[in-house]
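S.K.: sequence plus predicted model, see below.
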Amino acid sequence: MENTQDKVRSLWIPMRKMNLLMPNVAVAEVGSYRTPTALPDTPEWLMGTVNWQGKKIAVISLESMCGISVDSDQVFSRLMIVNSVRPDSPVSHYAIVTAGLPGLIQFGADTASDAKAGQSEALKCTVHIGNEEASIPDLEYLQGQLEEQLGEAA
């Protein structure tokens, strides 16, 4: 039996024009797409807010934040609710728009065959797993950008 102690339970998340790889523990929930309520004077990547568990949370397009143009058609889209990486943050959760349901994988040093720097500040790096490529988001950066934008929008 394979030793999984050196592996992290992770989610392979399909986006429109890329894939994400995130630790399972970073994700609170994946739910149906709901059209966000727009916020005035915010960047295009900050799509607005939705109600989740009795509070308003921000919805972001990570692809838009990375400069990737995506269709506005949200058929099959989901909202992936992400946990804050900063316990004292006013942003306890936020949502990333995905193109479908994530899949669970065990990720470790022997899983990826190649890693390279991310294509944007929002991405730590990109890894190859088999014939597929996935980007690992910089959750600290995303959290900081949201705190900055939501502070300015308030």
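M.R.: Yep, that arrived. Numbers count the residues shown, from 1 in each chain.
S.K.: C-alpha from now on. contacts and neighbour counts both.
M.R.: Fine.
S.K.: quick one: secondary structure of Leu146?
M.R.: Under DSSP: H, G, I helix; E, B strand; the rest coil, Leu146 falls in the helix class.
S.K.: swap in Tyr94?
M.R.: Assignment for Tyr94 (three-state DSSP): strand.
S.K.: that one contacts Ala58, correct?
M.R.: Yes: assessed by C-alpha atoms under 8 Å, Tyr94 is found in contact with Ala58 at 5.0 Å.
S.K.: list the strands paired with the lowest-mean-pLDDT helix or strand in the chain, with their directions.
M.R.: Using mean pLDDT, DSSP states H and E, the weakest-scoring helix or strand in the chain turns out to be strand 114-117, at a mean of 74. Its sheet considered, strand 114-117 pairs with strand 123-129 (antiparallel) by DSSP bridges.
S.K.: and whichever helix or strand comes after the strand it pairs with, what does it pack onto?
M.R.: Remark: after strand 123-129, the chain's next helix or strand is strand 132-137, criterion DSSP states H and E. Contact analysis of strand 132-137 by 3 or more C-alpha pairs under 8 Å, 6 or more residues apart in numbering; DSSP states H and E lists strand 19-23, strand 123-129 as its packing neighbours.
S.K.: quick one: the last one to chain centroid distance?
M.R.: Translated: strand 123-129. 13 Å (C-alpha atoms, centre = their mean, to the nearest Å).
S.K.: same thing with the first one?
M.R.: From the chain centre to the centre of strand 19-23 is a distance of 7 Å (C-alpha atoms, centre = their mean).
S.K.: can you check which of the helices and strands packed on strand 132-137 gets nearest to Asp41?
M.R.: Of all the helices and strands packed on strand 132-137, strand 123-129 sits nearest to Asp41, with 24.3 Å by C-alpha to C-alpha.
S.K.: what angle separates the closest one from strand 132-137?
M.R.: 160 degrees (axes from the mean of the first three to the mean of the last three C-alpha atoms, to 10 degrees).
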